[in-house]
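Participant: Here you go, sequence then predicted model.
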Amino acid sequence: MNLQVMENLFNLFVRNVFTENMVFAYFLGMCSFLAVSKTVKTSVGLGIAVIFVITVTVPVNWLMENYLLKAGALKWLGPSFENVDLSFLSFLLFIAVIAAIVQLIEMVVEKAAPALYNALGIFLPLIAVNCAVLGAALFMQEREYGTIAEATVYGFGAGFGWALAIVVLAAIREKLKYSNIPAPLRGLGLAFILTGLLAIAFMGFSGIKI
């Protein structure tokens with residue numbers, strides 16, 4: 001892999017962590033983002049799970065998109081399949097891949113870290129319907145990444161950006177427990193305000209030339 005390719009992949013990663021952050025740029029995955037970001041410990045656990053799910057599902061969905069779904073993708077089966085277009089199945093198959101990976105993650109976490117599994121509760125299986133995960137697959141499809149390496153780096157960057165966002169918010173919310181916050185703003189009210197302020201802060205990264 002030459003230097004230019006590595007530089008492009010690094011730029012792709014940085015762009016999806018900061019300037020095109022899933023939470024602060026597109027506001028995807030807000031349900032679990034707001035609900036789980038009460039403590040850093042649970043946020044880190046969910047963040048790692050989301051990173052793994054997106055990093056695995058995006059390249060798998062890229063392979064399906066390029067070798068199974070889009071028009072002409074089946075030409076490797078023979079000339080008679082060159083005009084076959086299965087792109088109408090994209091949503092169904094993308095969600096099926098996501099659900100399968102999430103089920104695997106849920107079983108591993110339940111066996112390896114029961115305390116974290118109980119702390120995450122319903123939000124761990126709900127990764128399957130986390131719009132950030134499906135959004136990553138759909139962005140991959142829309143942007144038409146040329147190689148599986150680009151798709152994998154994009155998925156890792158998107159997942160890492162989402163995890164970074166939830167951990168940062170959780171760290172701030174933990175510190176604010178010791179502050180005298182007006183009653184109407186406690187809980188989700190303050191979380192929404194903090195999310196908006198963090199989104200404005202992350203807009204400052206858009207000035208980075210990548």
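Facilitator: Alright, I've got the coordinates.

Participant: Excluding chain neighbours, give the residue nearest to residue 165 in space.
Facilitator: Spatially, and ignoring its direct neighbours in sequence, residue 165 is nearest to residue 23 (4.0 Å; Cβ to Cβ, 6 or more residues apart in numbering). Where you see a C-beta, it was placed from the backbone N, CA and C, and this is true even at glycine.

Participant: Distance check, that neighbour against residue 127.
Facilitator: 14 Å (Cβ to Cβ, to the nearest Å).

Participant: again, but for residue 193
Facilitator: Using Cβ to Cβ, residue 193 is found at 26 Å from residue 127.

Participant: higher neighbour count, these two?
Facilitator: Legend: neighbour count by other Cβ atoms under 10 Å for residue 193 and residue 127, higher for residue 127 (25 against 11).

Participant: how about that one, what does it touch?
Facilitator: Counting by Cβ atoms under 8 Å, 6 or more residues apart in numbering, residue 127 touches 32, 46, 49-50, 53, 98, 102, 105, 133.

Participant: Need those residues in TSV (columns: secondary structure).
Facilitator: Formatted as TSV, the contacts of residue 127 follow (DSSP: H, G, I helix; E, B strand; the rest coil):
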residue	secondary structure
32	helix
46	helix
49	helix
50	helix
53	helix
98	helix
102	helix
105	helix
133	helix
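
Participant: Nearest to residue 13 among those?
Facilitator: Distance to residue 13 across the contacts of residue 127 (Cβ to Cβ) is lowest for residue 50, with 15.8 Å.

Participant: Can you give me the distance of the closest one to residue 162?
Facilitator: Distance from residue 50 to residue 162, by Cβ to Cβ: 5 Å.

Participant: Repeat that for residue 191.
Facilitator: Per Cβ to Cβ, residue 191 is found 16 Å from residue 162.

Participant: Tell me the pLDDT of residue 155.
Facilitator: Looking at residue 155, its pLDDT stands at 96.

Participant: dump the residue contacts of it.
Facilitator: Listed by Cβ under 8 Å, 6+ apart, the contact set of residue 155 reads 54-59, 136, 140.

Participant: what's downstream of the longest helix anywhere in the chain, the next helix or strand?
Facilitator: Longest helix of the chain, by residue count under DSSP state H: helix 148-176. Following helix 148-176 in sequence order, the next helix or strand is helix 188-203 (DSSP states H and E).

Participant: about what we covered before: phi, psi of the residue nearest to residue 165?
Facilitator: phi -90, psi -50 (degrees, to the nearest 10).

Participant: does it really touch residue 161, like I thought?
Facilitator: Yes - with contact defined as Cβ atoms under 8 Å, residue 23 counts as touching residue 161 (7.3 Å).

Participant: When the two are compared, which one has more neighbours?
Facilitator: Legend: neighbour count by other Cβ under 10 Å for residue 23 and residue 161, higher for residue 161 (28 against 24).

Participant: residues touching that one, list them.
Facilitator: 16-18, 20-23.

Participant: Regarding stretch 9-24, how distant is the last residue from the first?
Facilitator: Terminal residues of stretch 9-24 are spaced 22 Å apart (Cα to Cα, to the nearest Å).
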